[in-house]
Structures are given as C-alpha cells and as structure tokens.
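Peer 1: Show me how the following folds:
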Amino acid sequence: QVQLAESGGGSVETGGSLRLSCAASGYTTCTYDMSWYRQGPGKEREFVAGIDIVGRTDYAESAEGRFTISRDTAKKMVSLQMNSLNPEDTATYYCKYHTYGTRLCERTYWGQGTQVTVSS
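Peer 2: Numbers count the residues shown, from 1 in each chain. Presented below is the predicted three-dimensional model:
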C-alpha cells in the first residue's frame, strides 16, 4: 500500500506563487510515475502536470510555462511550483501516484487534496 501526503496549498493573490509537495510512503517494487490533478468548483478533475520515472514531464496547456513539476526519487516526493497564478487556478489539487509494470502493479493512488485559492 502507498499513502500520499500533500502540503503547500493556501491562498494567494493573482500573480502570486505556491509550491505543492506530495510525499509517498509505503513499500512497492513497482515502477511508478507521479502527477498532479485539480478539480475546480463545479468542474471535473483535470490533469495538470506529470513526471515519469526517468524525469520526463508533461503539462496541461493551462500549466505550460507557469508550473514546474519536479521529483525527488529517493524521497518519493513530487513537487509542483506554481507561478503567475490566476483565479482560474483556484481548485483542490490532488497528487496521483500510478504504479505499473506488471498486471499486479497496475494501481493508482490519490492524495487527499490540498486547496489552492487565488483571489483577484
């Protein structure tokens, strides 16, 4: 089993920055990647950014150029640096931990979510 602990959410004004972190605990021998999703008020959960086992990154168009995802493999931690925030970024942000490699490894874990509020 894997547990995820998120931190770093909060309230900022437009143009501000926040850094989210997600630490994974628990033992697994499976290959994994980590990503961030968000769910705004009245919206569906959407992909924000992801990073795979070798460090390749992927971003949603809305995050490209403003957000940076990084990981510390030794600590099983992923971070999301968010700059130039605007009210449309207001959402609950979720960390996702996806294990894969074999049929038994195919699992997805979600964090509890951390709130980000951007005021105009």
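Peer 1: Not counting sequence-adjacent ones, nearest residue to Asn83?
Peer 2: Nearest-residue entry for Asn83: Ser17, 4.7 Å, with adjacent residues in sequence omitted and distances by C-beta to C-beta, 6 or more residues apart in numbering. Where C-beta positions appear, they are placed from N, C-alpha and C, glycine not excepted.
Peer 1: Can you read off the backbone torsions of that neighbour?
Peer 2: Phi and psi for Ser17, reported as degrees, to the nearest 10, are phi -130, psi 150.
Peer 1: That one is in contact with Leu85, isn't it?
Peer 2: Yes. With contact defined as C-beta atoms under 8 Å, Ser17 and Leu85 form a contacting pair (6.6 Å).
Peer 1: Which one of these two is surrounded by more residues?
Peer 2: The neighbour count for Ser17 versus Leu85, taken as other C-beta atoms under 10 Å, is higher for Leu85 (21 against 12).
Peer 1: which residue is nearest the centroid of this structure?
Peer 2: Central residue of the chain (C-alpha atoms, centre = their mean): Trp36, 2.3 Å from the mean position.
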